[in-house]
Each structure stands twice: as structure tokens, then as C-alpha cells.
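> return a 3D structure for these sequence lines:
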Amino acid sequence: MSRIGRMPIAVPAGVTVDIAENNKVTVKGPKGTLEKVLPQEMEIKLDGDQVVVSRPNDLKKMKSLHGLTRTLVSNMVIGVTEGYTKELEVNGVGYKAAKSGKKLTLSLGYSHPVEMLDPEGLEAVVEGNKIIVKGIDKEKVGQYAAEIREKRRPEPYKGKGIKYADEVIRRKVGKTGKK
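Down below sits the predicted model:
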């Protein structure tokens with residue numbers, strides 16, 4: 001039995017979970033509403049103030065879908081109650097980030113400033129050399145943070161670029177001259 005899939009998901013007060021046909025799960029909470037169509041093979045039941053996910057048989061595909069489905073529902077519940085954040089750091093001489101309205105402007109050593117618009121439901125906050133991406137959908141927060149990082153990935157020699165706050169860059173030793 002899947003250790004993760006077996007665990008029930010506690011639904012906190014102020015959160016409503018609706019399960020429609022074809023496993024369309026809608027979670028409403030204080031921060032907003034999330035909707036997702038989950039694999040139809042899984043059986044999702046609302047049991048009082050808990051959501052329980054069960055699988056029809058022990059095929060390898062069902063075992064893997066079991067844990068995934070449970071985690072997706074859990075992420076939706078956490079998203080509408082607490083929300084998700086991803087923190088990025090801008091390192092390098094002359095590299096900076098600025099925010100005006102919904103537009104994030106990055107100066108990353110290119111001949112032009114890189115401009116990005118915040119996607120629907122997400123917000124990027126700039127504090128000094130840090131960019132904090134906030135939102136209720138874990139997948140979208142991670143995706144937007146990855147897109148920002150991709151504009152100038154950290155390089156291994158000086159560590160310049162945009163990196164996640166908890167990311168460790170493996171440094172390399174530069175060239176040495178002839179003797």
C-alpha cells in the first residue's frame with residue numbers, strides 16, 4: 001500500500017472540497033479557489049473533515065497514481081490556506097531586479113532589460129536582491145520561478161546569475177597561467 005496515498009488529508013475550517021464527476025476536485029479557501037481534474041481511476045471521497053484517496057487495484061500504474069493524486073489534493077488544500085512562495089536571489093555586479101505594477105524588470109548584463117509580466121494569480125515581490133514569487137498554485141509558482149531563473153542561470157566560476165535561495169552552486173576553479 002502506498003504510504004503517502006494511504007494518509008488522509010485533513011480539511012481545515014473555512015475550506016470546502018467539492019468532488020464532481022470525472023474526479024474534478026474544487027477546493028475553496030480563504031486565499032482563493034483551485035480546480036483540478038485528477039486521474040479517473042482513483043477514488044476520492046470526502047469523509048467528514050478528511051479527504052481519502054483509494055486505488056482500485058495494485059497495478060504499478062495505479063500505485064504511482066495513488067500517491068500523486070493524494071499529494072495533488074493536499075497541495076491544493078495547503079495552497080488555499082497558506083499559499084506558496086519561492087525565493088530567488090540575483091547575484092552579480094550590476095545585476096538587479098525592479099518591479100513596477102505587474103511588470104518585473106531584470107537587468108542581467110544583456111544589452112537590453114528583460115521584462116516579465118506576472119501570470120494570472122501570481123505575484124513577484126522584489127526586496128533588494130531577492131525576488132519572492134507568491135501564489136496559491138504550487139505548480140504555477142514553481143514554473144514562474146523557473147522561468148525567471150532561466151533568464152540568467154548561475155554560472156559556476158563567479159556564481160553570477162539568478163539562483164534559488166536554497167540552491168548551492170558548485171564552484172569551479174578558473175584557469176591558471178603558464179609557468
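
> what residues does the longest helix anywhere in the chain touch?
Secondary structure of the chain per DSSP state H: the longest helix is helix 60-81. With contact meaning C-beta atoms under 8 Å, 6 or more residues apart in numbering, helix 60-81 is reached by 2-5, 7, 9-12, 14-15, 17, 25, 27-34, 36, 38-39, 41-42, 44, 51, 53-56, 84, 135-139. Placement of C-beta: from N, CA and C, glycine included.

> drop anything exposed from these.
Buried by 16 or more other C-beta atoms under 10 Å: 2, 5, 9, 11, 15, 17, 25, 27, 29, 34, 36, 38-39, 42, 44, 51, 53, 55, 84, 135-138, out of the contacts of helix 60-81.

> once you drop chain neighbours, what's closest to the spatially most central residue of the chain?
The chain has residue 142 as the residue nearest its centroid, 3.0 Å off, counting by C-alpha atoms, centre = their mean. Nearest in space to residue 142, with sequence neighbours left out and distances taken as C-beta to C-beta, 6 or more residues apart in numbering, is residue 86 at 6.3 Å.

> give me the number of residues near the one you found?
By other C-beta atoms under 10 Å, the residues close to residue 86 number 23.

> so it is in which element?
Assigned by DSSP states H and E, residue 86 belongs to strand 84-91.

> please apply the same query to residue 19.
strand 16-20.

> show me what that strand is packed up against.
Packing partners of strand 16-20 (3 or more C-beta pairs under 8 Å, 6 or more residues apart in numbering; DSSP states H and E): strand 24-29, strand 43-47.
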